[in-house]
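# Have a look; sequence and predicted model below, questions after that.
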Amino acid sequence: MPGLGTSFGRGGATTAQQDLSNSDAILIMGSSMAENHPVGFQWVVEAREKGASIIHVDPRFTRTSAMSDIWVPIRAGTDIVFLGALVNHVLQNDLAFLDYVIPYTNAATILSEEMKDTEDLDGLFSGWDEKKKRYDPETWTYAGDEFEGSSGHDKGGGGHGKDRGGEAQTFDSSIRDETLQNPRCVYQVLKRHFSRYTPERVERSCGVPSEAFLRVAAAFCSASGPEKTGAICYAVGWTQHSTGVQIIRTAAILQLLLGNIGRPGGGIMALRGHASIQGSTDIPTLYDILPGYLPMPIFDAGVTTLSDYVQKHRSEKGWWANFDKYIVSLLKSYYGEAATPGNQFGYEFLPRLTGDHSHQGYFLSMQKGEIEGLFVMGQNPAVGSPNSRLERKALSALKWLVVRDLVEIETASFWLDSPEVQRGELNTEDIDTEVFFFPAAAHAEKDGCFTNTQRLIQWHSKAVDAPGDARSESWFVYHLGVLLKEKAAAVPTPRNAALNALVWDYSTHGSIAEPSAEQVLKEINGWTVEDRRLVKGYTDLKADGSTACGCWIYSGVFPAENENRAKAREAKTFLGHGWGYAWPADRRILYNRASARPDGSPWSERKKLVWWDAKKNEWTGNDTPDFTKSKPPDYRPADNARGDDAIRGDQPFIMHPDGVGWIWVSSGLKDGPLPTHYEPLESPFRNSLYDQDVNPAADRMAAADNAWAASPDPRFPHVLTTYRLTEHHTAGGMSRTVEHLAELQPELFCEMSIELAREIGAEHGGWVTVSTPRGIIEARAMVTPRMRPLEVEGRIIHQVGLPYHWGQRGIVTGDVVNDLIGLSEEPNVKIMESKALVCNLRSGRRPRGQELVAEMKRNAEQASDRLQKAGGQS
Amino acid sequence: MTVTGFFTDSTLCIGCKACEVACKEWNEVPGDGFSFSGMSYDNTVTLSASTWRHVKFVEGEPIIGTGGNGGAEMTWEFSSDVCKHCGVAGCLEACPTGAIIRTEFGGVFIQPDICNGCGYCVVACPFGVVSKREDDGRVFKCTFCYDRQIAGLVPACAKACPTESIRFGELDTLLEIADARIEHLLSSGMTDATLYNPTDSSVGGIHAFFLLRGDPRSYNLPPDPQVPTTLLAAGWKSAAATAGVILAGSLLAFVLGGSE
Amino acid sequence: MSEAGSGRASETRLEALKEQALRSGAVTAEGIRASGGPLPPASPTTGYYGTPLFHEPTWTWEIPLYFFVGGAAGVSAIIGVTANINGLNDLSHDARLIAAAGSVLSGVLLVSDLGRPGRFLNMLRVIKLQSPMSVGAWTLLTFSTAAGVAGAASLIDQPGGNPPLRLLGDCSAILSALTGAVMATYTGVLVGATVIPVWATNVRTLPAHFGASSVASAASLLEICGHRQRGLGRLATLAAAAETAAAVHLHVRTDRSLEPLKRGLSGALTTTGALLSGPIPLALRLLGSRSVRSRQLAAVSSIAGSLLTRYAWVSAGKASSRDSSIPLRLDRPASTSEG
Ligand SMILES: Nc1nc2c(c(=O)[nH]1)N[C@H]1C(S)=C(S)[C@@H](COP(=O)(O)OP(=O)(O)OC[C@H]3O[C@@H](n4cnc5c(=O)[nH]c(N)nc54)[C@H](O)[C@@H]3O)O[C@H]1N2
Ligand SMILES: Nc1nc2c(c(=O)[nH]1)N[C@H]1C(S)=C(S)[C@@H](COP(=O)(O)OP(=O)(O)OC[C@H]3O[C@@H](n4cnc5c(=O)[nH]c(N)nc54)[C@H](O)[C@@H]3O)O[C@H]1N2
Ligand code: SF4
Ligand code: SF4
Ligand code: SF4
Ligand code: SF4
Ligand code: SF4
Ligand SMILES: [Mo]
């Protein structure tokens, strides 16, 4: 989550859900928390009962809106206008919490003269390379510091590596103007940048009446200052956009200006997805980072040796000065004995990125027949992934496919009963893919842990044996590894060197030889190499190869034999200390040094959390201080100070080399140092703010079956958004197959306003057909006043909503909504834009068979032609 | 044993249906059929032998700039319905086998090993709760988690509720809490908040009572439910009179004699 | 997921559905219904999307038939005694036999309607005066025993035969007559003392109505068996008169809850039933009282009428249960003060 990573230093929610109960205002936007995080939502209800104002900004009136004090319908894909206007509202009315902003953010920092803003270049920042289609961040740096290049912008390199908030410059000689008067200081630049984001603009672009906007502004911006705090909750209603990361950035800027980071009742609650999706970015299932947000080495990037790599990613100042300790300890845990100073601790064994290996990237390669085999474990792309029609067809280009799941999902049966087979696009006889289905053990059937939405590592113990042949992931991967290592050992070629070097010594138990999950967690925690003593935390890690650690940020979760802190089950504080273990170092609210004034005293009695105890000479309070315990508030680093010593005693954002929160991100983001509104890749409108219509760095991924509509295209006049229902889970493998859930929402429906229904002659409960240039599906009409037509750019537009849980298998079935979504990549995290696109809606059922195929073809061709004619960006 | 009850507060309900599912899982209640009802997000439609907790969705017209909690107007109310465990329970009164009993917790419980499926309770419940399971022949409804209460556990539905919309506890305490709550809501401008607990009807108050917004009738809750036993006197009087007339009449008819 | 409760009926259905889903890739199982066009909203004037408040009465075809048979048998038992008192022994003999046969048939019908017939005896675990069903069960038990004994006695009993047997017969006959009177009327209370609007509003009239109809059917049955006593005719005529009065009374009342008795299938049944058991036999008996044929016709008409009437009331009850406008007082102006 580079939006948070670049702004604050760590790519995780800054707070804990329990803490929401301390908020004076909660802005829920891009999330339907009551529906998708119902258990966490109890603390929002608690805050509401205590008198906090709850605000929900959402295209639809959802169950979350029903629990809120203010609901504002917004045109999908215009959040940056809305949030930017909030930022502007704060700046124009001098509502910023300056006592916080000046010392704790880079608002006062002076920017280099070369930097040109989107206001100067009509929607582009300086440094845009039209040929390469990317930004060169050289001009974004602080004045006075010198540029030294940055990893985040290498070809193929994704943005996840920048979750650590890397930087492109030395921070030796940056200049600050604490009066905030200097026209080149971040504060003034920000003011100019958002000056045109006014309530009137919100009304025009978002379709939100300005009085509604002002009501939100008043309610939320008042939750600021020493006595009050406000929190922001978001989830994929923000992330699944071509500007997703920048939407989150706008929220970060707003919270920094209001002084709401690192304080109780404040923060940004990034609501994550699957039970352990946070865990799967920390110890990544992503292609471009290694555990603990260490960037994946990139092929041919002028980086060949470990020292180059360290040189490139370590920062001289701030916590990341320890970079070498973490990578070396990781290499030691991978390659053990085989990792020696002599061979750069096996750095050579690490694979290198050669391009975009993200989910969508490799499915395009698959479509082209460039990929032989695929393991799908715990995912159902045939239903859950964008342009699932394209992806299902791509699967048929594989030689072999391995699917591990609880049930035989659509992905495993695409060759037999996929919509393509049913409508004759694919022919079972002609599909050569060899499909292997392995039953998987579910979480209650195996030991392990989840890392939840608030970075909380929670252990779960096996409750029952898995049925039949079902096995855990660790069982499957471990035994597969054993077999591969046997083969590799037989053929000790350089190609196999990495496999042969790999340590694979997990102990197994029971009749099925299940590997020990606790042993894995210990490896993650880290130990000293020669006597395998568990380390107490990441501060014990060394760069000399004397320690091994599987993921440095988790270090401390297993500090001693028989002390699995993820197993802890006695919450002792309102933040839940004593229940599970939150990374890093069991800090529940990150950057909590900011909950005290620069002098170390709490901002107020009501909002105290962590403060400086002058008697004991240490930081203390209700949370683990996110700061060097003994560093006094008045500490000032020596000129040549390095690492954490270079961070002053009044600089809470210790991951950042300058110790402050970043309103301005000089590098680490591929689409600009500040957020800017661009229209979604498909929109009924062109960008009326700038000449640049869409995010220049976003990728529409031109490919067969991935056609796009021009903006606007009269054939696709409505805004389409997709989302979840409480009653189901994502692609449905876990809910459409369970009677007691399936019966609660048995059919795919399409939410539309009464006005739109009248316009197209649809009847509530009847059938409607939804189409985009990529697909055509049918759904039951859910005609409801909860959907509102909006007046945007002077005309009425309708928004259409589709939950995306259905597929052709299970107890209840329905069309696959993702057939409508395009493959596309937001530049930083390569996520698709499934929350804002355009569609056509008509009454009645869709055609079947060849007729359907023909219509899809026609739609794609017509849309593409129009896009050609429109030319250029739109 | 203390009398326990449910205070279900719709103003805290987020419509997640965890109660409905938890009930079905704990009590192994069979499925309810896979039918799209079109009734907002409610597809189980009614309390029945196969749905003992039922979350109702009452949709209104949202107003931009005010949420569902906006004082005066109610927009999308969720309310989790359940057997009322009536003070005077029509089903219990009517049951000829004594299958329906009042437990030590004051709940109304159907003993499945005794019910013979005569179906008389079905037409005796003023709230349309209990119904017959065709494939089984017997009738079923909320057991008030008698098994869990015996074991000192909270009923499954209340346990699963994330927002304490379902409050379980000692009935008298709950009634006090409810009064305080409605006071608070009314004084804070939620003028349409109302307690549903027909204490002055022949039902004599219910052990599972509700805090709602708007008119109870929108939630299929009868304004003045009556226990059918109130009709017995009239019925039997008429029966007795008729019986008398028949006896006397047939005697007379023949006394007058005559035939061909 | 199958652990959820394997072996349960629902789970077997689930398996079947899964099967179908896997085979055809689509589930078309019954129960998958669309709301079919616009629904009434959830409001004080439409209730909860117009869904019924009550569940339908579960009674199947056996119950109305039981009402008819039980009633006829009950009154036969009475005639069995009153005829005997008046020395009409043949009549009394046949009446007792009809009562006995009817009582047995009643039991069979009642039991077979139960969801769990094997558990009929559970009815005898308790005596609950506040439960008409319980009272009815005990009444039927006593009645059928008494009527059975009485019937058997009069079968075995030869002219001038043994006094003890006759005494036993007569005593049980008297008992059967008394319980018979209850059999003829209690079903009205059983139906009336419920939440079903059309039944509840008629809780006063139903016992009388069913009683009269029982008299008519019993008398008519005996006439059809060839008995010619005036007494029978008088009873049948009075009953027909009462039924006519009942029909007229129903016709003049405009109470909304009576709709099901006037419209739809149940309405048609009611009207036909009323005609057959009221005006028609009455006219036949008054005008053609001299002719045997017309009295036979009247008898048949009364029997058909009283049978139809019972079916009419049960189907009216089912129709009534589907309309929540009465229990919800949907005609009342909106207000939130209830409860
Ligand atoms: N019950 C249940 N819980 C779940 C899941 C589930 O499937 N079922 N999935 C889990 C997973 S994997 C995830 S990632 C999370 C997702 O949690 P959420 O992000 O809350 O899930 P969504 O329903 O996809 O989207 C949330 C809301 O975003 C709104 N929205 C769409 N477009 C826009 C926009 O442009 N701007 C704004 N402001 N809002 C927009 C939608 O109307 C929707 O109400 O939930 C997790 N929790
Ligand atoms: N249009 C649209 N598309 C979307 C989204 C959207 O909002 N709109 N949301 C996106 C988001 S945020 C997400 S997270 C994805 C989710 O999309 P997917 O991840 O593809 O869908 P899931 O159904 O969550 O797939 C998880 C599978 O893992 C299986 N499973 C569960 N536990 C285990 C286990 O222990 N081992 C194994 N091997 N398998 C297990 C489940 O049965 C299930 O089939 O959908 C994305 N797609
Ligand atoms: S499903 Fe699990 S993670 Fe999601 S809300 Fe419920 S408890 Fe929390
Ligand atoms: S609500 Fe109905 S089922 Fe429940 S106790 Fe009352 S009468 Fe019986
Ligand atoms: S159906 Fe069962 S519970 Fe209901 S009245 Fe008859 S015996 Fe009692
Ligand atoms: S009390 Fe028990 S049986 Fe009754 S609704 Fe709740 S969970 Fe179901
Ligand atoms: S569990 Fe609680 S919040 Fe969820 S639907 Fe039931 S009552 Fe409402
Ligand atoms: Mo997700």
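Happy to help now that I have it. Ligands and ions are numbered 1, 2, ... in the order given.
# what stretches of the chain score poorly on pLDDT?
Since you didn't name a chain, this refers to chain A. By pLDDT under 70, the weakly predicted segments of chain A are A:148-168, A:872-874.
# ah, no, chain B please
B:1, B:71-72, B:258-260.
# Name the single longest helix found in it.
Taking DSSP state H as the assignment, the helix of chain B that covers the most residues is helix B:232-255.
# That one and chain C, are they touching?
Yes. Using C-beta under 8 Å from any C-beta of the partner chain, helix B:232-255 reaches chain C at B:232, B:234-247, B:249-251, B:253-255. All C-beta spots, glycine's among them, are computed from the backbone N, C-alpha and C.
# buried subset of those residues?
B:232, B:235-236, B:238-239, B:242-243, B:245-247, B:249-251, B:253-254 (16 or more other C-beta atoms under 10 Å in any protein chain shown).
# Tell me how many other residues surround residue B:182.
Neighbour count for residue B:182, taken as other C-beta atoms under 10 Å in any protein chain shown: 17.
# If you could redo that for residue C:292, that was the one I meant.
11.
# which residues sit in contact with it?
residue C:228 (C-beta atoms under 8 Å, 6 or more residues apart in numbering or on different chains).
# burial of residue 137, as a residue count?
Here I'm looking at chain A. Residue A:137 - counted by other C-beta under 10 Å - has 27 other residues nearby.
# should've been chain B
By other C-beta under 10 Å, 18 other residues sit near residue B:137.
# element containing it?
Using DSSP states H and E, residue B:137 falls within no helix or strand.
# Residue B:118 versus the closest residue to it other than its chain neighbours, what's the distance?
Setting aside the residues directly before and after it, residue B:137 is nearest to residue C:115 in space (C-beta to C-beta, 6 or more residues apart in numbering or on different chains), at 2.8 Å. Residue C:115 is 7 Å from residue B:118, where distance means C-beta to C-beta, to the nearest Å.
# What of residue C:249?
31 Å.
# just residue A:184 next, same as before
For residue A:184 relative to residue B:118 (C-beta to C-beta), the value is 88 Å.
# Looking at the two, which has the bigger crowd around it?
The neighbour comparison of residue A:184 against residue B:118 (other C-beta under 10 Å) goes to residue B:118, with 30 against 15.
# list the contacts for residue B:236?
C:189, C:207 are the contacts of residue B:236 under C-beta under 8 Å, 6+ apart.
# What backbone torsions are found at the nearest residue to residue C:102 once chain neighbours are set aside?
Sequence neighbours aside, residue C:73 is the residue nearest to residue C:102 in space, at 2.5 Å (criterion: C-beta to C-beta, 6+ apart). For residue C:73, the backbone dihedrals are phi -60, psi -40 (criterion: degrees, to the nearest 10).
# from memory residue C:73 sits against residue C:148, does it?
No. Counting by C-beta atoms under 8 Å, residue C:73 stays clear of residue C:148, with 10.8 Å between them.
# More neighbours: which of these two?
A count of neighbours by other C-beta under 10 Å puts residue C:73 above the other of residue C:73 and residue C:148, at 31 against 19.
# Kindly provide the distance from the more buried one to residue C:94.
Distance from residue C:73 to residue C:94, by C-beta to C-beta: 13 Å.
# Neighbours of the nearest residue to residue C:262 once chain neighbours are set aside, how many?
Distance criterion C-beta to C-beta, 6+ apart; nearest residue to residue C:262, sequence neighbours excluded, is residue C:270 at 7.3 Å. By other C-beta under 10 Å, 25 other residues sit near residue C:270.
# swap in the one 10 residues further on?
Burial of residue C:280, expressed as a neighbour count using other C-beta under 10 Å, amounts to 20.
# ok, the closest residue to it other than its chain neighbours - contacts?
Excluding the flanking residues, the one nearest residue C:280 by C-beta to C-beta, 6+ apart is residue C:301, at 5.0 Å. Contact analysis of residue C:301 by C-beta under 8 Å, 6+ apart lists C:276, C:277, C:280, C:281, C:284.
# Swap in 7 Å and give it another go.
Residues near residue C:301 by C-beta atoms under 7 Å, 6 or more residues apart in numbering or on different chains: C:276, C:280, C:281.
# Now it: which helix or strand?
helix C:292-321.
# Now find how far off-centre that helix is within its chain.
The chain centroid and the centroid of helix C:292-321 are separated by 11 Å under C-alpha atoms, centre = their mean, to the nearest Å.
# Please identify the buried residues of it?
For helix C:292-321, the neighbour count (16+ other C-beta under 10 Å) marks C:294-295, C:297-321 as buried.
# If we ignore the residues flanking it in sequence, what's nearest residue A:651?
residue A:659 (2.7 Å).
# so which strand or helix has the nearest residue to residue A:35 once chain neighbours are set aside?
Nearest residue to residue A:35, sequence neighbours excluded (C-beta to C-beta, 6+ apart): residue A:726, at 4.5 Å. Assigned by DSSP H and E, residue A:726 falls within no helix or strand.
# Enumerate every residue touching the residue of the stretch 101-250 of chain C found nearest chain B.
As assessed by C-beta to the nearest C-beta, chain B sits closest to residue C:115 within the stretch 101-250 of chain C, at 2.0 Å. Contacts for residue C:115 were tallied using C-beta under 7 Å, 6+ apart; they are B:116, B:117, B:119, B:132, B:137, B:138.
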